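Colleague: When you get a sec, could you give me coordinates for this:
(chains A, B, C and D)
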Number of protein chains: 2
Amino acid sequence: MSGNVSTPGASVVSRVLAVLYAFDNGHRRLGVTDLARRADLPVPTVYRLLRELVAGEALTRDADGRYAIGRRLWDVGMLAPEQTELQQVASPFLSDIHAATRATVHLAVRDGREVLYLDRLSGRASVPVVSRAGSRLPLHATGVGKVLLAHAPAELQDDYLAAELRRPTVHTITRPDRLRRQLAAVRREGCATTEDEMTLGACSIAVPITRAAAPGGDSEVVAALGIVVPTLKRERTRLLTALQVAARGIGRSMP
Amino acid sequence: MSGNVSTPGASVVSRVLAVLYAFDNGHRRLGVTDLARRADLPVPTVYRLLRELVAGEALTRDADGRYAIGRRLWDVGMLAPEQTELQQVASPFLSDIHAATRATVHLAVRDGREVLYLDRLSGRASVPVVSRAGSRLPLHATGVGKVLLAHAPAELQDDYLAAELRRPTVHTITRPDRLRRQLAAVRREGCATTEDEMTLGACSIAVPITRAAAPGGDSEVVAALGIVVPTLKRERTRLLTALQVAARGIGRSMP
DNA sequence: GCATACCTTTCACTCAGTGAAAGACCACTC
DNA sequence: GAGTGGTCTTTCACTGAGTGAAAGGTATGC
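Modeller: Below is the predicted model:
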């Protein structure tokens, strides 16, 4: 599967997946040609696959001939245990935080070198936030990202800091030494903050969710919980307390 | 695709989908043999498909050899426009209701003859509720279900009422004539209620979400918004008001 | 030790899948 | 209204990917 999907010898399965993976946040509805280009496959091949996927209700086809992910694939996705089990346990705690603070609340995990947002509760009148469930952002520019990076394996941290870091705003911290010091502080203090680092006008604060350790075993950071608000600072302790209470509760509730 | 998946002549695509669709709420982790049985396919065939699906990160395989839906399929599912666009628009309104009432809030659509739950916000200390995002329940036993059934095409209503109706509790209303009168009342009054009809000890109230009509065009019920609480009655008006405000907001916010 | 129930591999057959090429169908432009 | 560039759809002869019965492993339990 590491090889090119288009090379002869690639299986139908890999081609199907290539077609499905051709959809993304910015491209939820695509025509045959676009899909073929993105999946790097001949048009007729994609055309045939699409017909079968639509027949199998995995995709839908709208009036103008474009394709989109269908209800049954949504169903299937909702069964992914790694994402949904955590999300289900955390859900009532997110509600509590949201009710207490009226801020945007995030539940996120690390997926490789990115933050993957599992859930979000947003107020109507809050800051415009980029993330939604299923979206990804760089690890170094968000509160939850810093928490997850700080508790990632040391080698991944080194790798990450050695690479070029994206710079969504002028306040994004990209200098490796400064970021490294921040990560140490995150581990020491048990929380991470950002100010205008991902979106101008938005600040965030985040804490790790730690899976309750087996007696004697190591506890493990499995996710992060964060809040995004327009202005921070004076409310810091109140927000942090709400987060920590919830994070502890989620950690304890996990199987 | 209407034909049997196992019959010779069925495509690889249909077999892949049969394997994926073999997972469900009660069976999120399955072994090769189980999957083969559920997908009605020979074991080696499924085995080969699974290997490729795991290689393509569509599925994961845990230590004991069982398979589950993987992160990338979750990602793909989150791109289904029909589910997630509505869910995204509605999300802040659900939060508002939840914050105002501290009750469990549901967003649901009709999928054929079932309620499909798109989102749920639940308090920690509330009634045990069966539904979660992605789960399905019968149309006649829940508040949101009655709303969606009441606004479904007349022929579907007739069909539905003619068939045998499931009976999750002793309070479930299954007599066609009584249910038909209730549906008329739902349309007339703009809300539906249940008492112990799906789960003993749980009551619900729900309203339709109507897509803002094009000038002169018909408005259309696209979803339902509901609340589940332990005891109802005296709070009825307060809950109903919260729901209606939100439903109107969602309807107006939709593209 | 045998039995049961899985998971995994082999292998010869063959039909499902392939993709270049051509055809149909737009929606514009000049 | 002929021409053009862009889609989507169909055809068709070739061939190797996919098939599944059967056999080989492996891990249980009794």
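Colleague: Which neighbouring elements make contact with the helix or strand where residue A:156 lies?
Modeller: Counting by DSSP states H and E, the element that carries residue A:156 is helix A:154-162. Judged by 3 or more C-beta pairs under 8 Å, 6 or more residues apart in numbering or on different chains; DSSP states H and E, helix A:154-162 is in contact with helix A:143-150, helix A:176-189. Heads up, the C-betas are built off the backbone N, CA and C, glycines and all.
Colleague: and the shortest one, is it in reach of chain B?
Modeller: It stands for helix A:143-150. No: applying C-beta under 8 Å from any C-beta of the partner chain, one finds helix A:143-150 separated from chain B by no less than 14.8 Å.
Colleague: Compute the distance between the residue of the stretch 101-250 of chain A found nearest chain B and residue B:239, please.
Modeller: With C-beta to the nearest C-beta, the shortest gap between the stretch 101-250 of chain A and chain B falls at residue A:134, namely 3.2 Å. According to C-beta to C-beta, to the nearest Å, residue A:134 stands 31 Å off from residue B:239.
Colleague: How about residue A:36?
Modeller: Distance from residue A:36 to residue B:239, by C-beta to C-beta: 51 Å.
Colleague: Residue A:73 too?
Modeller: Distance from residue A:73 to residue B:239, by C-beta to C-beta: 34 Å.
Colleague: what's residue A:23 sitting at in phi/psi?
Modeller: Here the main-chain torsion angles of residue A:23 (degrees, to the nearest 10) amount to phi -80, psi 140.
Colleague: Kindly report the same for the one 10 residues further on.
Modeller: Here is the backbone geometry of residue A:33 (degrees, to the nearest 10): phi -60, psi -50.
Colleague: Show the contacting residues for the nearest residue in space to it that is not next to it in sequence.
Modeller: Of all residues beyond its chain neighbours, the one nearest residue A:33 is residue A:43 (6.1 Å), with distances taken as C-beta to C-beta, 6 or more residues apart in numbering or on different chains. By C-beta atoms under 8 Å, 6 or more residues apart in numbering or on different chains, the contact set of residue A:43 is A:32-33, A:36.
Colleague: Counting neighbours, go ahead and name the busier of residue A:73 and residue B:239.
Modeller: Counted by other C-beta atoms under 10 Å in any protein chain shown, residue A:73 and residue B:239 do not tie: residue A:73 has more neighbours, with 28 against 24.
Colleague: Surely that one is within a helix?
Modeller: Yes: assessed with DSSP: H, G, I helix; E, B strand; the rest coil, residue A:73 lies in a helix.
Colleague: Quick check: it vs residue B:222, distance?
Modeller: From residue A:73 across to residue B:222, the span is 20 Å (C-beta to C-beta).
Colleague: Next up, identify which helix or strand the most centrally placed residue in chain A is on.
Modeller: Centroid-nearest residue in chain A: residue A:116, 1.3 Å away (criterion: C-alpha atoms, centre = their mean). Counting by DSSP H and E, the element that carries residue A:116 is strand A:114-121.
Colleague: Over to residue A:225. Which of the three states is it?
Modeller: At residue A:225 the chain is in strand, as set by three-state DSSP.
Colleague: so it touches residue A:144, yeah?
Modeller: Yes: between residue A:225 and residue A:144 there is a contact at 7.3 Å, judged by C-beta atoms under 8 Å.
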